[in-house]
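Student: Let me see the structure of the following:
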Amino acid sequence: MFYLRRYDAEPLVQGQFQAWHFGPVHPDLYHAVKMYGACPARTVPHAQEIDVDSSEVLLLGMLVSVS
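Tutor: Numbering: from 1, shown residues only. Reported below is the predicted structural model:
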């Protein structure tokens with residue numbers, strides 16, 4: 001499992017991922033956004049915002065486009 005961590009050693013997400021039929025799932029996140037169905041999730045309840053620099057935005061964008 002690929003684990004995302006920032007250089008300050010702070011994990012990007014808390015909790016554990018599980019192996020589900022269609023791929024890895026973070027159950028807490030799934031249950032928080034499942035109401036959106038196939039539509040983009042506009043907000044995630046209880047999510048904490050983090051400051052990211054342009055290189056982190058680029059990396060995250062590349063990771064999302066691969067999946």
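Student: that's a strand at Leu59, yeah?
Tutor: No - Leu59 is assigned helix when assessed by DSSP: H, G, I helix; E, B strand; the rest coil, not a strand.
Student: Any idea how many residues pack against it?
Tutor: By other Cβ atoms under 10 Å, the residues close to Leu59 number 12. C-beta coordinates here come from the backbone N, C-alpha and C atoms, glycine included.
Student: For it, report the pLDDT, please.
Tutor: Leu59 is assigned 83 on the pLDDT scale.
Student: who's in contact with it?
Tutor: For Leu59, no residue meets the contact criterion (Cβ atoms under 8 Å, 6 or more residues apart in numbering).
Student: Next, find the distance separating it from Met35.
Tutor: 29 Å (Cβ to Cβ, to the nearest Å).
Student: Likewise for Ile50?
Tutor: Counting by Cβ to Cβ, the gap from Ile50 to Met35 is 24 Å.
Student: Look up the closest residue to the residue nearest to the spatial centre of the chain, ignoring the ones flanking it.
Tutor: Nearest to the mean C-alpha position of the chain, by Cα atoms, centre = their mean, lies Val13 at 6.8 Å. Leaving out its chain neighbours, the residue that sits closest to Val13 by Cβ to Cβ, 6 or more residues apart in numbering is His26, at 6.3 Å.
Student: Return the residues in contact with that neighbour.
Tutor: Applying Cβ under 8 Å, 6+ apart, we find His26 in contact with Val13, Gly15, Gln16, Phe17, Gln18.
Student: okay, those residues in CSV with secondary structure next?
Tutor: Below are these laid out as CSV (three-state DSSP):
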residue, secondary structure
Val13, coil
Gly15, coil
Gln16, coil
Phe17, coil
Gln18, strand
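Student: got JSON lines for those, with distance to Ser54 too?
Tutor: Below are the contacts of His26 laid out as JSON lines (distance: Cβ to Cβ, whole Å):
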{"residue": "Val13", "distance to Ser54": "21"}
{"residue": "Gly15", "distance to Ser54": "27"}
{"residue": "Gln16", "distance to Ser54": "30"}
{"residue": "Phe17", "distance to Ser54": "27"}
{"residue": "Gln18", "distance to Ser54": "32"}
